[in-house]
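Novice: build me a model from this:
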Amino acid sequence: MSNIKEILNKSSIFSSLGEDDIQRLEPFFEKREIHPGDIIAKADDAAQFFFLLNNGTVLLAMEEGRSVVLNTPGDFIGLELLSAKGVYKTTLTVLEKGSVFAVPRQAFLAVIQENSEAAATIMASWQEYLDKTAPFVKIVKKIEGISLSYNF
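Specialist: This is a model prediction of the structure:
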């Protein structure tokens, strides 16, 4: 797969969005090649992008030695960009060559702020994805339906 529309439609986070919402998001994604050892994002750095995995394998390392391996097209990485502080809580390290689609934090925030229904759909899907992928991560604070902090 290499088309952002295909990835959005297959992603457990975005597949429940309407076609209009998918089309609105598409232009903001940029495809990036990733290579073993690359650090895509580092904990405590400003969250400038979030990522959808196209192919390859990424290790999402959290506090207290917890981690998640992401290797399914459409896996969603970096929801910290929605937090009030906009700081990554995880370090993303590439384990296997591939590519991701990156979207700038500000562009994504602008899209979801103009469409509260899409934002609610994304957040509900994110919670389901998080419960399945990393059940030890708990969202501890929500304001107007947007999660602001996590406990790992």
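
Novice: and Ala102, bridged to which residues?
Specialist: Glu30, Phe51 (DSSP bridges).

Novice: leaving out chain neighbours, which residue sits closest to Ser15?
Specialist: Asn9 (5.7 Å; C-beta to C-beta, 6 or more residues apart in numbering). C-betas here are computed from N, CA, C, even on glycine.

Novice: tell me which residues in the helix or strand hosting the one you found are buried?
Specialist: Secondary-structure assignment from DSSP states H and E places Asn9 in helix 4-10. Within helix 4-10, the residues scored as buried using 16 or more other C-beta atoms under 10 Å are Ile4, Ile7, Leu8.

Novice: against Phe76, how distant is Ala43?
Specialist: Between Ala43 and Phe76 the computed distance is 17 Å (C-beta to C-beta, to the nearest Å).

Novice: which one's more surrounded, these two?
Specialist: Between Ala43 and Phe76, counting by other C-beta atoms under 10 Å, Phe76 is the more crowded of the two (20 against 14).

Novice: any idea which helix or strand in the chain has the lowest mean pLDDT?
Specialist: The helix or strand of the chain with the lowest confidence, counting by mean pLDDT, DSSP states H and E, is strand 146-151 at a mean of 41.
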